[in-house]
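Asks: The following comprises the amino acid sequence and a computationally predicted model.
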Amino acid sequence: MTQSADTLLQVSDLTLHYRTRRGTARAVDGVSFDLRRNEALVVLGESGSGKSSLAKALMRLLPRNIERFSGQVMLGDMDIMQLGDEAFRKQVQWNRMALVMQAAMNALNPVVRVGEQVAEPLRVHRGWSKDRAMERVAETFRKVGVSTDFLQRYPFELSGGMRQRVVLAMALVTEPDVVILDEPTSALDVLTQASIMNVLKRIKREEGTSFILITHDVATSSELADRVALMYAGQIVEISDARDFFHYPAHPYSQMLMDSVPRLHQAEAPGYIPGEPPDLIDPPTGCRFADRCPSRFSKCSQDPPAFSPDERRRVRCWLHEDEVARGS
Amino acid sequence: MSDANLPAGRGAGPLRDLRRLAFFTLRRVLALFVTILVGVYLTIIIANMGGKVDELRELQIRSTISEAVRADPSYQQMDSEERNALIQEQVQMEIERRNLDEPFIWRSFDYLAQAIQLDLGRAEEMHSDAGSRDVYDIIVERLPATLLLFGTANLLVFFVSVYAALYLSRHYGSRLDRLVIGLAPSSAAPGWFYGIFLILIFAFIIPILPAGGMVDIPPPENDWAYARSVLSHMVLPVIAMFISSIFISIYSWRTFFLIHSSEDYVEMARAKGLPANLIQSRYILRPTLAPIITNFLLMLIGLWSGAIILEQVFNWPGLGTLLFQAIGYRDTPVIIGGVVIFAYLLAVTVFMLDFLYAILDPRVRIEGGQ
């Protein structure tokens, strides 16, 4: 993995295990990736692949039943995993990293005016006056396409699409380095999805913000993606440039996933992947996709490391061992 | 943005809000008044046993008068027929004086009209300690004692349990949390049950506190000594009520706060890195203030009726004891008077709640008037 000067966030071996009644759930199991400045990284994965847990681990929004939470997350030259909770809250949360939550519909306090809620991080973290904060909120509202008439309204007076934009404005208002979007459009209709993706694209172009977009929606995410990381059973199985990923996926799982995306005017029915994702509580030893993989061979019973067939790709699959050997 | 003009089209401004509020208020007042009418009327019917009490009253009048006539030496010489005619005449007069000859259904509306005007009438058997037979005086005399005792105990339980519950909901699963949950079944026993044990222990085995009553006999002259005496009489009943309700109350508030602290917007507030006390006040308490205040106000009017057995156990001269006696004497005016005042208090409380809801919750304030 190349460490370039404009690397903003570098995650190495991030691990988040939950303690459950049945045993340890390995929701995030040794995840490594980096995010460059002004880049949109899409984290794709089926439900239960650990992608939302990844967002929670990065923002340190942890439930109580944590068994193991470890790894290194370098934000600039600061390892935010080493910060105490209070320091993390003050220095990282919303100052440098912000989150647009899944279920953003209910992410707004029903009894507080939306303008006030969006202004809160500025007032709390930066100590801004109310007027100064509200001015910035109005500006952010315009950026995400919300009329400033809505500043004084309550969440229940807004439509779903508007609420989503307000939540987006809340994430952008402090101008953080990284914005994590956890399924930001999954509850919205297609037109609203498209307009929100357009807002994100414009913000990225104009403000230089970096995004981590967590989703299961291959089609919508392709709009924004610079790079794609594909998660399977708590691990990243492939991370590639978006163009490569969408056109020449390397991991067998990526290939099958891309085949299963329905396209307009396509003659044959979309493919599907037989079997079910493995249980995070007792994942199979060796390659976790092996049971469902058509290209499985003897080596798959061992855990594959991440191979880099070329410098823009990392693939966790034994099939790519040879390419690496040939390449080097 | 097609949805931008949708909410704006409803028209905004304080005038619209005021008109809505006035309409809302009028409707609520009417509805509550009808509720009071129905409640009080039902009580009148029930307390009079649908008119059956009149027959009892007639019998009572007849026996009182005939006894009086028979006992009177000046009538000793009369022959029995004359005497019976005299008795009959006096009974008739008394019945007419009390309007008992009119059909009950007519009188029931008279009673209703009087009750609604808080003209509670005179008690049939009971009288206040000061000697008045006015139902209003009788009730008002007992009210402070009940309010003092139950108010102290319930306010204590309410505030202690809400604060403890907030703490436990933040430390959910801790040893203390499990201890409180484990103790919750202690509330299965009522206050008077603990009261009996407390009296046994602290008034007889280790006699440091009075066993019952509200103040020493004779009452101390000095105001401070009087207050101290009342306080020492309050200790045991308050502790008894506290023990019997504190744990279940903490338990239920704790569950309430736990449910509300897993709302998405609370999670969002945590993600935003807001300090814990701001999350607690603005994201947990503020959205849940309406149900908390409802609970508080309903508790306050619940004080009114006191607790019959607890007041008996501690010999406390409050409303519980009064109602107990009134039912025993079949003193209808006192029973009805108690219910009328309770109905009014309840209606006023509910009305206040409606207003508070509108102030606290914008969803009620803005959409409720439509």
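Replies: The structure has been received and is ready for your questions. Numbering: from 1, shown residues only, chains lettered A, B, ... in the order given.
Asks: any idea of the pLDDT on residue 178?
Replies: Since you didn't name a chain, this refers to chain A. Confidence at A:Val178, expressed as pLDDT, is 93.
Asks: ah, I was thinking of chain B
Replies: 92.
Asks: how near is it to chain A?
Replies: 14 Å (Cβ to the nearest Cβ, to the nearest Å). For glycine as for every other residue, the C-beta is placed from the backbone atoms N, C-alpha and C.
Asks: so residue 193 is in which element?
Replies: I'll assume chain A. Element membership of A:Gln193 [criterion: DSSP states H and E] is helix A:190-207.
Asks: meant chain B actually
Replies: Secondary structure assignment for B:Phe193, by DSSP H and E: helix B:191-199.
Asks: which element follows that helix toward the C-terminus?
Replies: With elements assigned by DSSP H and E, the helix or strand that comes after helix B:191-199 is helix B:223-260.
Asks: picking that back up, and the helix holding A:Gln193, what does it pack against?
Replies: Judged by 3 or more Cβ pairs under 8 Å, 6 or more residues apart in numbering or on different chains; DSSP states H and E, helix A:190-207 is in contact with helix A:130-144, helix A:160-172, strand A:210-215, helix A:218-221.
Asks: Of the ones you listed, which is nearest chain B?
Replies: helix A:160-172 (6.2 Å; Cβ to the nearest Cβ).
Asks: Show me how far the closest one is from its chain's centre.
Replies: Helix A:160-172 has its average C-alpha position 17 Å from the chain's average C-alpha position, going by Cα atoms, centre = their mean, to the nearest Å.
Asks: Can you mark which positions in it are buried?
Replies: Of the residues in helix A:160-172, those buried by neighbour count under the rule 16 or more other Cβ atoms under 10 Å in any protein chain shown are A:Gly161, A:Met162, A:Arg163, A:Gln164, A:Arg165, A:Val166, A:Val167, A:Leu168, A:Ala169, A:Met170, A:Ala171, A:Leu172.
Asks: So for the spatially most central residue of chain A, what's the pLDDT?
Replies: The residue lying closest to the centre of chain A (Cα atoms, centre = their mean) is A:Ile214, at 3.2 Å. In this model, A:Ile214 is scored at 93, pLDDT.
Asks: so what are the domain limits for chain B?
Replies: What automatic domain parsing lists as the domains of chain B is B:31-116, B:141-367.
Asks: got any ranges where chain B has weak pLDDT?
Replies: Within chain B, the segments meeting pLDDT under 70 span B:1-14, B:16-17, B:305-306, B:365-370.
Asks: Spit out the contact partners of the residue of it found nearest chain A.
Replies: Chain A sits closest to B:Gly273 of chain B, with a gap of 2.9 Å, by Cβ to the nearest Cβ. Counting by Cβ atoms under 8 Å, 6 or more residues apart in numbering or on different chains, B:Gly273 touches A:Phe88, A:Arg89, A:Lys90, A:Val92, A:Gln93, A:Trp94, A:Asn95, A:Pro121, A:Val124, A:His125.
Asks: ok, 6 Å please
Replies: Residues in contact with B:Gly273 (Cβ atoms under 6 Å, 6 or more residues apart in numbering or on different chains) are A:Arg89, A:Gln93, A:Trp94.
Asks: ok, and the closest non-adjacent residue to it?
Replies: Spatially, and ignoring its direct neighbours in sequence, B:Gly273 is nearest to A:Gln93 (2.9 Å; Cβ to Cβ, 6 or more residues apart in numbering or on different chains).
Asks: now A:Val199
Replies: Nearest in space to A:Val199, with sequence neighbours left out and distances taken as Cβ to Cβ, 6+ apart, is A:Val144 at 5.3 Å.
Asks: Quick one: neighbours of that neighbour, just the number.
Replies: By the measure other Cβ atoms under 10 Å in any protein chain shown, the count of residues near A:Val144 is 22.
Asks: I'd say it and A:Ala169 touch.
Replies: Yes - A:Val144 is within contact range of A:Ala169, at 4.8 Å (criterion: Cβ atoms under 6 Å).
Asks: For the closest residue to chain B within chain A, grab the count of nearby residues.
Replies: Closest approach between chain A and chain B, counting by Cβ to the nearest Cβ: A:Gln93, at 2.9 Å. For A:Gln93, the count of nearby residues is 25 (other Cβ under 10 Å).
Asks: From B:Ala269, how far off is it?
Replies: Per Cβ to Cβ, to the nearest Å, A:Gln93 is found 11 Å from B:Ala269.
Asks: give me every residue that touches the residue nearest to A:Val199.
Replies: Neighbours of A:Val144 in contact, by Cβ under 6 Å, 6+ apart: A:Arg165, A:Leu168, A:Ala169, A:Val199.
Asks: Mind doing that once more with 8 Å?
Replies: So A:Val144 contacts A:Arg165, A:Val166, A:Leu168, A:Ala169, A:Leu172, A:Val199, A:Ile203 (Cβ under 8 Å, 6+ apart).
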